[in-house]
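Undergrad: Output the structure for:
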Amino acid sequence: MPNMRIVTVCLPKSADINQLAATATAVLASTTAAGQASLVGHFATSVRRWGCRHLVQPFQGSAAGGRISKLDLNTMRTQARNTYWYRWQIWHQVVAGTPVAKSFWAYLNRHRANPAKYGLAQAQQDYLGQPRIQAMLVYNALPNKIMELPTAHLVALQTGAHSYAHLGWLSAVPGHAMVTTDGQYLTPASERFADVISFLNTANNHLSTLGRNGHLVALAANYFDMKK
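TA: This is a model prediction of the structure:
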């Protein structure tokens, strides 16, 4: 089944302002096994005019891309950090009194080590049967919940409020994947916390090298295979 992912494509300052969308789409198509990709208003910007030639599809404080000097990356990161901080506070109350939970990877590794004696269904059942995971699932089932508590964030949430908030800051700009200015496709090797942090570290380091005249374009891509 395909997965819809946001990919940030980095383009150098020499990129043609009038061809950013076409260039980014072509670059993405040449580096991944993505299906059809379309522009998505991923970036915050203080520019609201459709006619701004340095932005791609600016609309009501967001844009699909443009020159970095016209994008408000600081606001994106601050808002994401605050959201993650707030989510952690809710999570902390929801799981209060429950023991630390193991990640799904711990159960999956046990299954892979001896699939004949420990089946995948049993691994999934044991993971979901943990009190902390059950508390999160019960909260997520509430129709009036404040926000979702992703079980995929379990390990990150268990690292503490500040660490989880920093994860939000790091995740704000790159999206699910990134294409660097030299055509390198970056994405986490897996959903393991260490792999996600490795990707975010590399992606944000690359962003810091682009300068204010570099360009970013966000594409929503339909993936059948996240890597070639």
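Undergrad: drop to CA atoms for contacts and neighbour counts, all remaining ones
TA: OK.
Undergrad: I'd guess residue 221 is in a strand, am I close?
TA: Yes - when DSSP: H, G, I helix; E, B strand; the rest coil is applied, residue 221 is found to be in a strand.
Undergrad: Can you tell me which helices and strands the top helix by length along the chain packs against?
TA: Scanning the chain for the helix with the most residues, using DSSP state H, yields helix 73-94. Counting contacts by 3 or more C-alpha pairs under 8 Å, 6 or more residues apart in numbering; DSSP states H and E, helix 73-94 is packed against strand 43-44, helix 131-141, helix 161-171.
Undergrad: I would like the residues contacting the first one, please.
TA: If you take C-alpha atoms under 8 Å, 6 or more residues apart in numbering as the criterion, strand 43-44 is touched by 61-65, 71-73, 75-76, 173, 218.
Undergrad: out of the residues you listed, who's nearest residue 165?
TA: Sorting these by distance to residue 165 puts residue 76 at the head of the list, at 13.0 Å, by C-alpha to C-alpha.
Undergrad: Need the max-distance pair from the contacts of strand 43-44.
TA: Spanning the widest gap among these are 75 and 218, at 16.6 Å by C-alpha to C-alpha.
Undergrad: So which of those two has more stuff around it?
TA: Using other C-alpha atoms under 10 Å as the criterion, residue 75 and residue 218 rank with residue 218 on top: 30 against 16.
Undergrad: so which strand or helix has the nearest residue to that one once chain neighbours are set aside?
TA: Spatial nearest neighbour of residue 218, chain neighbours left out: residue 8 (4.6 Å); criterion: C-alpha to C-alpha, 6 or more residues apart in numbering. According to DSSP states H and E, residue 8 maps onto strand 3-11.
Undergrad: Quick one: list the elements packing against that strand.
TA: Contacts defined by 3+ C-alpha pairs under 8 Å, 6+ apart place strand 3-11 against helix 20-31, strand 177-179, strand 215-225.
Undergrad: Mind doing that once more with 6 Å?
TA: The helices and strands touching strand 3-11, judged by 3 or more C-alpha pairs under 6 Å, 6 or more residues apart in numbering; DSSP states H and E, are strand 177-179, strand 215-225.
Undergrad: got those as a markdown table, with distance to residue 152 and mean pLDDT columns?
TA: Output for those, formatted as a markdown table (distance: least, C-alpha to C-alpha, whole Å; pLDDT from 0 to 100):
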| stretch | distance to residue 152 | mean pLDDT |
| --- | --- | --- |
| strand 177-179 | 17 | 95 |
| strand 215-225 | 19 | 80 |
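Undergrad: Distance to residue 111 added to these, as a markdown table?
TA: As requested, the helices and strands packed on strand 3-11 are exported to a markdown table (distance: least, C-alpha to C-alpha, whole Å):
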| stretch | distance to residue 111 |
| --- | --- |
| strand 177-179 | 29 |
| strand 215-225 | 24 |
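Undergrad: re the thing from before, also compute the angle for the strand holding residue 8 relative to strand 215-225, please.
TA: 150 degrees (axes from the mean of the first three to the mean of the last three C-alpha atoms, to 10 degrees).
Undergrad: What average pLDDT does strand 3-11 get?
TA: In this model, strand 3-11 has an average pLDDT of 89.
Undergrad: Would you mark the buried spots in it?
TA: Under the neighbour-count criterion of 16 or more other C-alpha atoms under 10 Å, strand 3-11 has 4-11 buried.
Undergrad: List the strands paired with it, with their directions.
TA: Here strand 3-11 is paired, per DSSP bridges, with strand 177-179 (parallel), strand 215-225 (antiparallel).
Undergrad: the bottom helix or strand of the chain by mean pLDDT?
TA: Least confident helix or strand, the chain: strand 33-39 with a mean of 75, by mean pLDDT, DSSP states H and E.
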